[in-house]
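[1] sharing a sequence plus its predicted fold:
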Amino acid sequence: MRIGAVLAIVAGIPFLLYWLWSPGTGEECGRLDRGQNAIWLGHGWLGDDSWFQRNSRNVNDFRSVEKVERLAQQLKSQNIRFVYPHLCPAQFSGAIAPYDSVQVERFLDVTEAAGIAVIPWIGGVLGDSARLENRRWRQGFVDSVKKLLTMHPRLAGVQVNIEPLPSGNSDFLLLLESLRPVLSGRILSVAAYPPPTFWHPCPDVHWELPYLAEVAKRCDQMAVMMYDTSIKLEKFYIRLMTQWTQELQKTLAGTDCRLLLGVPAYEDAGTGYHHPRVEHLAAALSGILAAKPSGNYTGCAIYCEWEMTPEKWRVWESQFRRP
(Lines give C-alpha, C1' and ligand atoms only; values in the text may rest on other atoms or scores of the structure.)
Protein backbone atom coordinates (compact mmCIF):
# COMPACT_ATOMS: atom_id res chain seq x y z
CA MET A 1 0.00 0.00 0.00
CA ARG A 2 2.76 2.42 1.04
CA ILE A 3 4.92 1.39 -1.92
CA GLY A 4 2.00 2.06 -4.26
CA ALA A 5 1.49 5.51 -2.76
CA VAL A 6 5.19 6.34 -3.06
CA LEU A 7 5.27 5.20 -6.68
CA ALA A 8 2.19 7.30 -7.45
CA ILE A 9 3.84 10.36 -5.92
CA VAL A 10 7.08 9.78 -7.81
CA ALA A 11 5.21 9.25 -11.06
CA GLY A 12 3.28 12.46 -10.48
CA ILE A 13 6.35 14.65 -9.96
CA PRO A 14 7.03 15.25 -13.70
CA PHE A 15 3.40 16.27 -14.25
CA LEU A 16 3.57 18.63 -11.26
CA LEU A 17 6.82 20.17 -12.49
CA TYR A 18 5.36 20.66 -15.96
CA TRP A 19 2.25 22.29 -14.48
CA LEU A 20 4.36 24.67 -12.37
CA TRP A 21 6.76 25.53 -15.21
CA SER A 22 6.04 28.86 -16.93
CA PRO A 23 8.24 29.37 -19.99
CA GLY A 24 7.53 32.34 -22.21
CA THR A 25 5.92 35.63 -21.35
CA GLY A 26 2.85 37.64 -22.23
CA GLU A 27 4.03 40.91 -20.69
CA GLU A 28 6.00 42.50 -23.52
CA CYS A 29 3.12 43.46 -25.83
CA GLY A 30 4.25 46.13 -28.29
CA ARG A 31 7.81 46.48 -27.00
CA LEU A 32 9.30 44.18 -29.63
CA ASP A 33 7.13 45.20 -32.56
CA ARG A 34 9.36 47.24 -34.87
CA GLY A 35 6.62 47.71 -37.45
CA GLN A 36 8.72 45.64 -39.89
CA ASN A 37 6.77 42.37 -39.80
CA ALA A 38 5.99 40.08 -42.71
CA ILE A 39 3.45 37.53 -43.90
CA TRP A 40 3.38 34.79 -46.54
CA LEU A 41 0.57 35.12 -49.13
CA GLY A 42 -1.12 32.61 -51.43
CA HIS A 43 -0.42 32.04 -55.13
CA GLY A 44 -3.57 33.72 -56.41
CA TRP A 45 -2.40 37.27 -55.72
CA LEU A 46 0.19 37.21 -58.54
CA GLY A 47 -0.36 33.88 -60.35
CA ASP A 48 -1.31 33.56 -64.01
CA ASP A 49 -4.60 32.23 -65.44
CA SER A 50 -3.36 28.63 -65.66
CA TRP A 51 -3.09 28.42 -61.85
CA PHE A 52 -6.74 29.39 -61.45
CA GLN A 53 -7.78 26.87 -64.08
CA ARG A 54 -5.79 23.99 -62.54
CA ASN A 55 -7.10 24.72 -59.06
CA SER A 56 -10.68 25.67 -60.03
CA ARG A 57 -10.32 29.05 -58.34
CA ASN A 58 -12.12 32.30 -59.12
CA VAL A 59 -9.80 35.06 -60.36
CA ASN A 60 -12.11 37.69 -58.85
CA ASP A 61 -11.17 36.45 -55.38
CA PHE A 62 -7.72 37.94 -55.94
CA ARG A 63 -7.57 40.27 -58.92
CA SER A 64 -10.17 42.90 -58.14
CA VAL A 65 -8.78 46.20 -56.86
CA GLU A 66 -11.23 46.04 -53.96
CA LYS A 67 -9.84 42.68 -52.77
CA VAL A 68 -6.26 43.91 -52.97
CA GLU A 69 -7.16 47.13 -51.16
CA ARG A 70 -8.93 45.21 -48.41
CA LEU A 71 -5.87 42.99 -47.96
CA ALA A 72 -3.45 45.92 -47.92
CA GLN A 73 -5.52 47.88 -45.41
CA GLN A 74 -5.75 44.94 -43.06
CA LEU A 75 -2.04 44.18 -43.22
CA LYS A 76 -1.04 47.81 -42.80
CA SER A 77 -3.22 48.04 -39.68
CA GLN A 78 -1.39 44.99 -38.28
CA ASN A 79 2.11 46.48 -38.80
CA ILE A 80 2.92 44.18 -41.70
CA ARG A 81 5.66 45.78 -43.79
CA PHE A 82 6.66 42.91 -46.12
CA VAL A 83 4.49 40.45 -48.05
CA TYR A 84 5.74 37.24 -49.67
CA PRO A 85 3.25 36.27 -52.41
CA HIS A 86 3.78 32.68 -53.59
CA LEU A 87 5.37 32.16 -57.03
CA CYS A 88 6.49 28.53 -56.72
CA PRO A 89 7.37 25.99 -57.92
CA ALA A 90 10.08 26.81 -60.43
CA GLN A 91 9.92 25.17 -63.85
CA PHE A 92 12.27 22.52 -65.26
CA SER A 93 14.31 25.22 -67.00
CA GLY A 94 14.75 27.09 -63.73
CA ALA A 95 12.25 29.79 -64.65
CA ILE A 96 10.04 30.88 -61.76
CA ALA A 97 6.31 30.09 -61.85
CA PRO A 98 4.22 32.04 -64.42
CA TYR A 99 2.62 35.26 -63.21
CA ASP A 100 0.09 37.76 -64.53
CA SER A 101 1.96 40.99 -65.30
CA VAL A 102 -1.14 43.18 -65.24
CA GLN A 103 -2.07 41.82 -61.82
CA VAL A 104 1.47 42.31 -60.52
CA GLU A 105 1.27 46.01 -61.39
CA ARG A 106 -2.24 46.29 -59.97
CA PHE A 107 -1.05 44.65 -56.75
CA LEU A 108 1.95 47.00 -56.59
CA ASP A 109 -0.21 50.09 -57.12
CA VAL A 110 -2.21 49.28 -54.00
CA THR A 111 0.53 47.91 -51.76
CA GLU A 112 2.92 50.75 -52.59
CA ALA A 113 0.29 53.27 -51.52
CA ALA A 114 -0.07 51.36 -48.23
CA GLY A 115 3.69 51.35 -47.61
CA ILE A 116 3.97 47.57 -48.03
CA ALA A 117 6.98 46.02 -49.79
CA VAL A 118 6.26 43.10 -52.15
CA ILE A 119 8.85 40.29 -52.21
CA PRO A 120 7.70 37.29 -54.29
CA TRP A 121 8.29 33.89 -52.69
CA ILE A 122 10.11 31.72 -55.27
CA GLY A 123 11.86 28.34 -55.29
CA GLY A 124 10.54 24.81 -55.14
CA VAL A 125 11.19 21.23 -54.05
CA LEU A 126 14.83 20.16 -53.90
CA GLY A 127 15.66 17.59 -56.58
CA ASP A 128 12.37 18.16 -58.39
CA SER A 129 11.39 21.74 -59.24
CA ALA A 130 14.62 23.03 -57.66
CA ARG A 131 17.70 21.37 -59.17
CA LEU A 132 20.37 23.28 -57.32
CA GLU A 133 23.20 20.99 -58.40
CA ASN A 134 22.52 21.81 -62.05
CA ARG A 135 24.40 24.92 -63.20
CA ARG A 136 22.01 25.50 -66.11
CA TRP A 137 19.01 25.31 -63.79
CA ARG A 138 20.60 27.88 -61.48
CA GLN A 139 21.30 30.19 -64.40
CA GLY A 140 17.74 29.80 -65.68
CA PHE A 141 16.45 30.70 -62.23
CA VAL A 142 18.64 33.79 -62.01
CA ASP A 143 17.72 34.91 -65.54
CA SER A 144 14.03 34.52 -64.72
CA VAL A 145 14.39 36.64 -61.57
CA LYS A 146 16.20 39.32 -63.58
CA LYS A 147 13.36 39.35 -66.11
CA LEU A 148 10.74 39.63 -63.35
CA LEU A 149 12.49 42.60 -61.75
CA THR A 150 13.11 44.30 -65.10
CA MET A 151 9.42 44.04 -65.97
CA HIS A 152 8.31 45.11 -62.49
CA PRO A 153 10.98 47.38 -60.99
CA ARG A 154 8.76 48.33 -58.04
CA LEU A 155 9.13 44.86 -56.55
CA ALA A 156 11.22 45.13 -53.39
CA GLY A 157 13.15 41.91 -54.08
CA VAL A 158 12.63 38.15 -53.98
CA GLN A 159 12.52 35.48 -51.28
CA VAL A 160 14.14 32.11 -52.02
CA ASN A 161 12.49 29.07 -50.42
CA ILE A 162 13.74 25.57 -51.30
CA GLU A 163 12.48 22.60 -49.31
CA PRO A 164 13.79 20.33 -47.97
CA LEU A 165 17.32 21.65 -47.90
CA PRO A 166 19.97 19.92 -45.77
CA SER A 167 22.44 22.05 -43.86
CA GLY A 168 25.71 22.73 -45.65
CA ASN A 169 24.34 22.70 -49.21
CA SER A 170 27.01 24.61 -51.14
CA ASP A 171 24.92 24.87 -54.32
CA PHE A 172 22.37 26.98 -52.45
CA LEU A 173 25.13 29.38 -51.46
CA LEU A 174 26.18 29.59 -55.11
CA LEU A 175 22.61 30.40 -56.10
CA LEU A 176 22.44 33.25 -53.58
CA GLU A 177 25.78 34.62 -54.81
CA SER A 178 24.49 34.55 -58.40
CA LEU A 179 21.23 36.30 -57.47
CA ARG A 180 22.80 39.22 -55.63
CA PRO A 181 24.07 41.10 -58.75
CA VAL A 182 20.73 40.94 -60.62
CA LEU A 183 18.82 42.36 -57.64
CA SER A 184 20.60 45.73 -58.01
CA GLY A 185 20.20 46.71 -54.38
CA ARG A 186 16.81 45.11 -53.83
CA ILE A 187 16.17 42.72 -50.94
CA LEU A 188 17.44 39.16 -51.22
CA SER A 189 15.38 37.29 -48.65
CA VAL A 190 15.67 33.64 -47.62
CA ALA A 191 13.02 31.42 -46.03
CA ALA A 192 15.49 29.75 -43.68
CA TYR A 193 15.47 26.71 -41.42
CA PRO A 194 15.92 26.90 -37.63
CA PRO A 195 18.90 25.31 -35.85
CA PRO A 196 18.91 21.58 -34.98
CA THR A 197 16.99 20.52 -31.89
CA PHE A 198 16.79 17.40 -29.76
CA TRP A 199 13.02 17.42 -30.25
CA HIS A 200 13.10 17.08 -34.02
CA PRO A 201 16.26 15.30 -35.29
CA CYS A 202 15.58 15.76 -39.03
CA PRO A 203 18.69 17.12 -40.80
CA ASP A 204 16.80 18.02 -43.99
CA VAL A 205 14.85 20.79 -42.25
CA HIS A 206 17.38 22.26 -39.82
CA TRP A 207 20.49 24.32 -40.48
CA GLU A 208 23.58 24.17 -38.29
CA LEU A 209 24.51 27.55 -36.84
CA PRO A 210 27.68 27.94 -38.98
CA TYR A 211 25.64 27.32 -42.14
CA LEU A 212 22.99 29.82 -41.01
CA ALA A 213 25.82 32.34 -40.64
CA GLU A 214 27.06 31.59 -44.19
CA VAL A 215 23.55 32.06 -45.63
CA ALA A 216 23.17 35.31 -43.67
CA LYS A 217 26.36 36.67 -45.26
CA ARG A 218 24.79 36.20 -48.69
CA CYS A 219 21.32 37.68 -48.13
CA ASP A 220 19.70 40.83 -46.77
CA GLN A 221 16.82 39.28 -44.87
CA MET A 222 16.20 35.90 -43.28
CA ALA A 223 12.69 34.72 -42.33
CA VAL A 224 13.27 31.63 -40.19
CA MET A 225 10.51 28.99 -40.29
CA MET A 226 10.22 28.24 -36.56
CA TYR A 227 7.60 25.50 -36.71
CA ASP A 228 6.98 21.90 -37.88
CA THR A 229 8.90 20.61 -34.85
CA SER A 230 6.73 17.52 -34.10
CA ILE A 231 6.66 18.61 -30.42
CA LYS A 232 3.52 17.41 -28.62
CA LEU A 233 3.66 19.55 -25.45
CA GLU A 234 3.08 23.28 -25.73
CA LYS A 235 5.50 24.44 -23.02
CA PHE A 236 8.41 22.62 -24.65
CA TYR A 237 7.62 24.40 -27.93
CA ILE A 238 7.50 27.77 -26.14
CA ARG A 239 10.89 27.09 -24.58
CA LEU A 240 12.32 26.04 -27.95
CA MET A 241 11.14 29.31 -29.49
CA THR A 242 13.05 31.21 -26.81
CA GLN A 243 16.16 29.10 -27.38
CA TRP A 244 16.00 29.45 -31.17
CA THR A 245 15.53 33.22 -30.94
CA GLN A 246 18.61 33.53 -28.74
CA GLU A 247 20.70 31.28 -30.99
CA LEU A 248 19.66 33.07 -34.18
CA GLN A 249 20.32 36.60 -32.98
CA LYS A 250 23.74 35.53 -31.68
CA THR A 251 24.58 33.77 -34.96
CA LEU A 252 23.54 36.71 -37.16
CA ALA A 253 25.43 39.25 -35.06
CA GLY A 254 28.19 40.79 -37.13
CA THR A 255 26.25 40.39 -40.41
CA ASP A 256 23.99 42.90 -42.16
CA CYS A 257 21.21 40.32 -42.49
CA ARG A 258 17.88 41.36 -40.92
CA LEU A 259 16.20 38.63 -38.88
CA LEU A 260 12.48 37.87 -39.04
CA LEU A 261 11.13 35.07 -36.84
CA GLY A 262 8.53 32.89 -38.58
CA VAL A 263 5.46 32.06 -36.47
CA PRO A 264 2.73 29.48 -37.25
CA ALA A 265 -0.92 30.30 -37.89
CA TYR A 266 -1.91 27.18 -39.83
CA GLU A 267 -3.87 24.06 -38.93
CA ASP A 268 -2.08 21.05 -40.47
CA ALA A 269 -3.43 18.60 -37.91
CA GLY A 270 -2.69 14.90 -38.40
CA THR A 271 0.56 15.41 -40.27
CA GLY A 272 2.82 14.31 -37.42
CA TYR A 273 5.22 17.22 -37.91
CA HIS A 274 2.74 19.87 -36.73
CA HIS A 275 0.30 19.86 -33.81
CA PRO A 276 -1.90 22.98 -33.91
CA ARG A 277 -2.63 22.82 -30.18
CA VAL A 278 1.12 23.05 -29.55
CA GLU A 279 2.49 25.13 -32.42
CA HIS A 280 0.23 28.14 -32.58
CA LEU A 281 0.56 31.91 -32.72
CA ALA A 282 0.18 32.59 -28.99
CA ALA A 283 2.75 29.96 -27.98
CA ALA A 284 5.29 31.08 -30.59
CA LEU A 285 5.01 34.76 -29.65
CA SER A 286 5.25 33.95 -25.95
CA GLY A 287 8.55 32.13 -26.49
CA ILE A 288 10.00 34.84 -28.74
CA LEU A 289 9.08 37.64 -26.34
CA ALA A 290 10.75 35.80 -23.45
CA ALA A 291 14.04 35.96 -25.36
CA LYS A 292 13.80 39.77 -25.64
CA PRO A 293 15.39 39.74 -29.10
CA SER A 294 17.56 42.62 -30.25
CA GLY A 295 20.48 43.11 -32.61
CA ASN A 296 19.59 42.01 -36.15
CA TYR A 297 16.01 41.16 -35.12
CA THR A 298 13.41 43.30 -36.92
CA GLY A 299 10.11 41.48 -36.35
CA CYS A 300 8.02 38.37 -36.95
CA ALA A 301 6.76 36.71 -40.14
CA ILE A 302 3.34 35.03 -40.05
CA TYR A 303 2.75 31.78 -41.92
CA CYS A 304 0.30 32.26 -43.45
CA GLU A 305 -2.28 34.92 -44.44
CA TRP A 306 -4.87 32.46 -45.80
CA GLU A 307 -5.03 30.67 -42.44
CA MET A 308 -5.41 33.83 -40.36
CA THR A 309 -8.83 34.25 -38.70
CA PRO A 310 -10.29 37.16 -36.70
CA GLU A 311 -9.38 35.26 -33.52
CA LYS A 312 -5.77 34.80 -34.64
CA TRP A 313 -5.49 38.49 -35.52
CA ARG A 314 -6.74 39.28 -32.01
CA VAL A 315 -3.95 37.10 -30.59
CA TRP A 316 -1.43 38.98 -32.74
CA GLU A 317 -2.82 42.32 -31.56
CA SER A 318 -2.98 41.43 -27.88
CA GLN A 319 0.37 39.63 -27.58
CA PHE A 320 2.64 41.39 -30.02
CA ARG A 321 1.47 44.33 -32.11
CA ARG A 322 2.36 47.84 -31.01
CA PRO A 323 -0.88 49.90 -30.97
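    Ah, there it is.

[2] can you give me the helices in the protein?
    2-20, 49-54, 60-63, 65-77, 101-113, 135-151, 170-183, 209-217, 234-252, 281-291, 310-319 (DSSP state H).

[3] now do the shortest one: which elements does it pack against?
    For helix 60-63, the elements it packs on are helix 65-77, helix 101-113, judged by 3 or more Cβ pairs under 8 Å, 6 or more residues apart in numbering; DSSP states H and E. Every C-beta, even on glycine, is put in place using the N, C-alpha and C of the backbone.

[4] let's have those helices in CSV, adding mean neighbour count, distance to residue 268 and mean pLDDT.
    CSV is the format used below for the helices and strands packed on helix 60-63 (neighbours: other Cβ atoms under 10 Å; distance: least, Cβ to Cβ, whole Å; pLDDT from 0 to 100):
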stretch, mean neighbour count, distance to residue 268, mean pLDDT
helix 65-77, 16, 23, 97
helix 101-113, 17, 27, 98
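
[5] any chance of those in a markdown table, with distance to residue 231 too?
    A markdown table is the format used below for the helices and strands packed on helix 60-63 (distance: least, Cβ to Cβ, whole Å):
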| stretch | distance to residue 231 |
| --- | --- |
| helix 65-77 | 29 |
| helix 101-113 | 35 |
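
[6] what's the closest of these to residue 290?
    Proximity to residue 290 (Cβ to Cβ) singles out helix 65-77 among the helices and strands packed on helix 60-63, at 26.1 Å.

[7] which strands and helices sit next to that closest one?
    Identification of packing neighbours for helix 65-77 by 3+ Cβ pairs under 8 Å, 6+ apart yields helix 60-63, helix 101-113.

[8] which residues does that helix contact?
    Contacting residues not belonging to helix 65-77 are listed as 39, 45, 60-62, 83, 106-107, 110-111, 113-116, 305 [Cβ atoms under 8 Å, 6 or more residues apart in numbering].

[9] quick check on the closest residue to residue 52 other than its chain neighbours: phi, psi?
    Setting aside the residues directly before and after it, residue 52 is nearest to residue 59 in space (Cβ to Cβ, 6 or more residues apart in numbering), at 5.2 Å. In terms of degrees, to the nearest 10, the main-chain angles of residue 59 are phi -60, psi -30.

[10] still on that earlier bit, would JSON lines of the helices of the chain with distance to residue 202 be doable?
    Formatted as JSON lines, these follow (distance: least, Cβ to Cβ, whole Å):
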{"stretch": "helix 2-20", "distance to residue 202": "25"}
{"stretch": "helix 49-54", "distance to residue 202": "30"}
{"stretch": "helix 60-63", "distance to residue 202": "34"}
{"stretch": "helix 65-77", "distance to residue 202": "32"}
{"stretch": "helix 101-113", "distance to residue 202": "35"}
{"stretch": "helix 135-151", "distance to residue 202": "25"}
{"stretch": "helix 170-183", "distance to residue 202": "17"}
{"stretch": "helix 209-217", "distance to residue 202": "15"}
{"stretch": "helix 234-252", "distance to residue 202": "14"}
{"stretch": "helix 281-291", "distance to residue 202": "19"}
{"stretch": "helix 310-319", "distance to residue 202": "27"}
